[in-house]
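Engineer: Pasting the sequence and the predicted model now:
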Amino acid sequence: MANLDLLNEMQRRAVLQTEGPVLILAGAGSGKTRVITNRIAYLIEECGVNPWNIMAITFTNKAAGEMRERVDDMVGFGSESIWVSTFHSSCVKILRRYIDRLGYENSFTIYDTDDQKSVMKDVCKKLQIDTKNLKEKTILGYISSAKNEMISPAKFATENATDYHMSKVAMAYKEYQETLKKSNALDFDDLLVLTVELFEQCPDVLDYYQERFKYIMVDEYQDTNTVQFRLISLLADKYKNLCVVGDDDQSIYKFRGANIRNILDFERVFPETTVIKLEQNYRSTGNILDAANEVIKNNFGRKSKSLWTDKEEGELLTLKTFDNGFEEAEYIARDIRQGVSSGEFSYSDHACLYRTNAQSRLIEEKLIQNNVPYKLIGGVNFYQRKEVKDMLAYLKTIDNGRDDVAVKRIINVPKRGIGATSLNRVEDYAASNDLTFFEALMDCERIPGLGKAVTKINEFVNFIRVQRSKLGYNSLKEILESIMDGTGYIEELKTENTEESLARVENVEELLSKVVTYEESTDEPTLAGFLEEVALIADIDNLESGSDYVVLMTIHSAKGLEFPKVYLPGMEDGLFPSYMCINSDDPTDIEEERRLAYVAITRAMKKLTMTCARARMLRGETQYNKMSRFIKEIPGHLVDKGQSTGRSTVGAGSFGGFGTQPRTGAPTTASSGFGGMSAADLFKSNAFDKPKSTVKPDNSMSMLVKGNQMSKADGLDYGPGDRVKHIKFGVGTVVSTEDAGRDYEVLVNFDTVGPKKMFASFAKLKKI
DNA sequence: CAAGCCATAAACCTA
DNA sequence: TTATGGCTTG
């Protein structure tokens, strides 16, 4: 049941404006979900619209599920015929019915990333593209962006004819697309692109769906990309009852293809648009909102709006500057603990939002030391990340070869051609001679049957020996650096050049910073000492149990969430905004970064604490950064700067001033910025931060330390003679099943592709 | 040129 | 866990 009484004036207008194009600019915390659900209920109950004619589109399945639930609750009978889904699943439904018009079969398959990669592998082979320089993943990345912008292979080729590198990509794109078509397959992006093509080429189909979807609503509209916009424009073209809800100030996914022009130009594309601004915020205090408004005001390309609240001003924002990142993290940890022990807050009222994943390490450590339970959202604990574990395994091996697990972990990482067969031989030799694995490696000449692997193993052993001999002469930093570079580990990640791989580089660099601080803060730093310190931190993290914990995540993943108390560490130029944006030729990059700041600030309900460090260890080098320009955009009267902190105020005064607002006792040495330092080092570095690159946990295990992810299915529900169905190969007859150790091996004779041998736990065969 | 070893794919259906 | 193709090497 729609209930207009629970809505404010603007929300009510948004609900009542059912006809024509409507642009709802819903600021952070302004209750947009409530508006959408009420609007749907109102359409059905008051305007007599058939639920069948309503479509609501979201971005994620999760969001679709939530909306479905809330709509069901409110509408009741008939709600199941409302089309609530994501862009992609809508397209699948449409294409399953009509894609034959485009020369595909309606039984098309959808290729996942793995499938895409194997297609691309073939393509590269065929076109003789060297995948050492140009990774399949990288090419697929270009193709995906092209598809988001609806750039066809032909157009892509003409646009990139001059660049050698890109012309290769263009060739690959063309070949890739042809291969997909031949296999009657679509990739994820094709779902959208082909639906648009379908509508453009078949007016009757378009007309059918236009008649069907008389009322269309799109959530998180600021995140739409060009194809998605085209798609809804086509659908809404006839009745023009298109209602989009979004906030241009929260568009932070440009790097994923979102096109902010879609929201900025909406009124131009749809004349006679009713624009409704939801500006009353129900989340934050007055001071927090003012700060957010003042920051976002500095962006030029935006719809003017200004959030307000009838809540009280609340506490001032807190800004603390520290001498270094340690004190910053320490402060946050203590402040949280204090807030909790005072009884006013629980741990889960606190969130710590940072710009880059690597920043989590220091905070994690300090939280652990202070016994503050925390949970890392959308990420993995720093010391559990694969790349960090790899580096630590190298260090352990150098320290002493006794940790067999560590040695086995890295003996073939990066790949150096030492495979399972050789390792098994070494293992046997070690066992029968009562040696550690590494001792056996050193002895590898004597191991029978190793053959040419001996050379490879010796190279590895020598590398470790060389590093070992440096102990005591070279710094640990230098040793870790030679691991990073000498093994080619970092280089491999950099050439991969994906969001994920670059985040991994960042994490390794963060470990390097950790090494340097260890050396600086310890009288007699040793490798063993360092490993011990790390082990302590790395092991304690089982302490988190229960549901009350502090939340740690990137600002990107915090979109849509709210917390009573929010901490924003690392508010420094160079970190946030990142150097990449500061030095970018494209002025809109900094605007995107500012929107991110806006999102960050508006997550806070009661209390916002921003912190920055005068000196920060980045990539093993101490950087002296200015205070973030975004902080300077916040008027001084909103901020409690407190007393200048830090036990030793050595570098005091070298810090940037507090912007335009004069303030009490502020050491305003504005623009004194860089303390004569290595900005250049940052420029030459590739390792920029792309957000949201949730680095996967460490699944990889050395093949000798193999885990048991798949348990043998106890018994199969099919046997020889049974008819079974396979997702890719279709229907077939089981010829035989064989007990093969942990798994069953099944031989199936498929009707279309002939006999195939497969593993039961992989193939997920269904008896029919 | 043959042997042997290494690396990888076989699955799920993601914004 | 195993089959397979590709690569290296004697």
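Structural biologist: Looks like it came in fine.
Engineer: Please count neighbours and contacts with C-alpha atoms only from this point.
Structural biologist: OK.
Engineer: What residue, apart from its backbone neighbours, is nearest whichever residue of the stretch 301-450 of chain A sits closest to DNA strand C spatially?
Structural biologist: Ranked by C-alpha to the nearest atom of the strand, the top residue of the stretch 301-450 of chain A for proximity to DNA strand C is residue A:417, at 8.3 Å. Nearest non-adjacent residue to residue A:417, counting by C-alpha to C-alpha, 6 or more residues apart in numbering: residue A:456, 7.0 Å away.
Engineer: Tell me the helices and strands packed up against the one helix or strand the one you found maps to.
Structural biologist: Following DSSP states H and E, the helix or strand that holds residue A:456 is helix A:453-470. Under the contact definition 3 or more C-alpha pairs under 8 Å, 6 or more residues apart in numbering; DSSP states H and E, helix A:453-470 sits against helix A:386-399, helix A:437-442.
Engineer: Dump the helix or strand following that helix to CSV, restricted to CA.
Structural biologist: Tracing the chain past helix A:453-470, the next element assigned as helix or strand by DSSP H and E is helix A:476-486. Taking Å, rounded to 0.1, in the frame of the first residue of the first chain, the C-alpha atoms of helix A:476-486 are listed here in CSV:
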residue,chain,number,x,y,z
LEU,A,476,66.1,-5.7,4.3
LYS,A,477,64.5,-3.2,2.1
GLU,A,478,67.2,-3.9,-0.6
ILE,A,479,66.7,-7.6,-0.2
LEU,A,480,62.9,-7.4,-0.6
GLU,A,481,63.4,-5.1,-3.6
SER,A,482,65.7,-7.7,-5.3
ILE,A,483,63.0,-10.3,-4.7
MET,A,484,60.4,-8.0,-6.2
ASP,A,485,62.5,-7.2,-9.3
GLY,A,486,65.0,-10.1,-9.5
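Engineer: I'd like the helices and strands packed on helix A:453-470 as JSON lines, with distance to residue A:626 and mean pLDDT appended.
Structural biologist: Output for the helices and strands packed on helix A:453-470, formatted as JSON lines (distance: least, C-alpha to C-alpha, whole Å; pLDDT from 0 to 100):
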{"stretch": "helix A:386-399", "distance to residue A:626": "29", "mean pLDDT": "94"}
{"stretch": "helix A:437-442", "distance to residue A:626": "48", "mean pLDDT": "92"}
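Engineer: now for those, which one comes closest to DNA strand B?
Structural biologist: With C-alpha to the nearest atom of the strand as the criterion, DNA strand B lies closest to helix A:437-442 of the helices and strands packed on helix A:453-470, at 12.6 Å.
Engineer: Who are the packing partners of the closest one?
Structural biologist: Here helix A:437-442 is seen to pack against helix A:404-410, helix A:420-433, helix A:453-470 when contacts are counted using 3+ C-alpha pairs under 8 Å, 6+ apart.
Engineer: show me where the stretch 451-600 of chain A has strands.
Structural biologist: Here the stretch 451-600 of chain A has its strands, by DSSP state E, counting those that start in this stretch, at A:550-554, A:563-568.
Engineer: would you turn the helices and strands packed on helix A:453-470 into JSON lines with mean neighbour count and distance to residue A:67?
Structural biologist: Shown next, in JSON lines, are these (neighbours: other C-alpha atoms under 10 Å; distance: least, C-alpha to C-alpha, whole Å):
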{"stretch": "helix A:386-399", "mean neighbour count": "22", "distance to residue A:67": "36"}
{"stretch": "helix A:437-442", "mean neighbour count": "21", "distance to residue A:67": "56"}
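Engineer: Tabulate those helices in a markdown table, adding columns for distance to DNA strand B.
Structural biologist: Converted to a markdown table, those look like this (distance: least, C-alpha to the nearest atom of the strand, whole Å):
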| stretch | distance to DNA strand B |
| --- | --- |
| helix A:386-399 | 16 |
| helix A:437-442 | 13 |
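Engineer: Looking at those helices, spot the one closest to residue A:319.
Structural biologist: Ranking the helices and strands packed on helix A:453-470 by proximity to residue A:319 (C-alpha to C-alpha) places helix A:386-399 first, at 31.9 Å.
Engineer: packing partners for that closest one?
Structural biologist: Judged by 3+ C-alpha pairs under 8 Å, 6+ apart, helix A:386-399 is in contact with helix A:404-410, helix A:453-470, helix A:476-486, helix A:499-521, helix A:527-540.
Engineer: Poorly predicted segments of chain A, please.
Structural biologist: Confidence mapping of chain A against pLDDT under 70 gives the ranges A:539-546, A:643-717, A:725-730, A:738-745, A:752-757, A:759-767.
Engineer: since we're on residue A:227, how many residues are nearby?
Structural biologist: By the measure other C-alpha atoms under 10 Å, the count of residues near residue A:227 is 23.
Engineer: Next: residue A:359.
Structural biologist: Residues near residue A:359, counting by other C-alpha under 10 Å: 22.
Engineer: any idea how far it is from residue A:366?
Structural biologist: Going from residue A:359 to residue A:366 by C-alpha to C-alpha, to the nearest Å gives 12 Å.
Engineer: Same question for residue A:58.
Structural biologist: From residue A:58 to residue A:366 the distance is 38 Å (C-alpha to C-alpha).
Engineer: show me the contacts for residue A:86.
Structural biologist: Going by C-alpha atoms under 8 Å, 6 or more residues apart in numbering, residue A:86 touches A:57-61, A:64.
Engineer: Any figure for the gap between the closest residue to it other than its chain neighbours and residue A:617?
Structural biologist: Residue nearest to residue A:86 in three dimensions, not counting chain neighbours: residue A:58, with 4.8 Å by C-alpha to C-alpha, 6+ apart. Distance of residue A:58 to residue A:617, given as C-alpha to C-alpha: 40 Å.
Engineer: again with residue A:365
Structural biologist: Going from residue A:365 to residue A:617 by C-alpha to C-alpha gives 15 Å.
Engineer: circling back: and the residue nearest to residue A:86, how many residues sit next to it?
Structural biologist: Using other C-alpha under 10 Å, residue A:58 has 22 other residues around it.
Engineer: Then residue A:370?
Structural biologist: Using other C-alpha under 10 Å, residue A:370 has 14 other residues around it.
Engineer: In contact with the residue nearest to it when sequence neighbours are not counted: list those residues for me.
Structural biologist: Excluding its sequence neighbours, the residue lying closest to residue A:370 (C-alpha to C-alpha, 6+ apart) is residue A:333, at 6.5 Å. Shown in contact with residue A:333 (C-alpha under 8 Å, 6+ apart): A:363, A:366-367, A:370, A:372.
Engineer: Am I right that residue A:333 sits in a helix?
Structural biologist: Yes - counting by DSSP: H, G, I helix; E, B strand; the rest coil, residue A:333 is located in a helix.
Engineer: on that earlier part again, right, so of the helices and strands packed on helix A:437-442, which gets closest to residue A:495?
Structural biologist: Among those, helix A:404-410 sits nearest to residue A:495 (C-alpha to C-alpha), with 20.0 Å.
Engineer: hey, C-alpha coordinates of the closest one in CSV?
Structural biologist: The C-alpha atoms that make up helix A:404-410 are tabulated as CSV, following Å, rounded to 0.1, in the frame of the first residue of the first chain:
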residue,chain,number,x,y,z
ASP,A,404,59.1,-26.4,3.7
VAL,A,405,55.7,-24.9,3.1
ALA,A,406,57.2,-21.5,2.3
VAL,A,407,59.9,-23.0,0.0
LYS,A,408,57.3,-25.0,-1.9
ARG,A,409,55.1,-22.1,-2.2
ILE,A,410,57.6,-20.0,-4.1
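Engineer: All good on my end, thank you.
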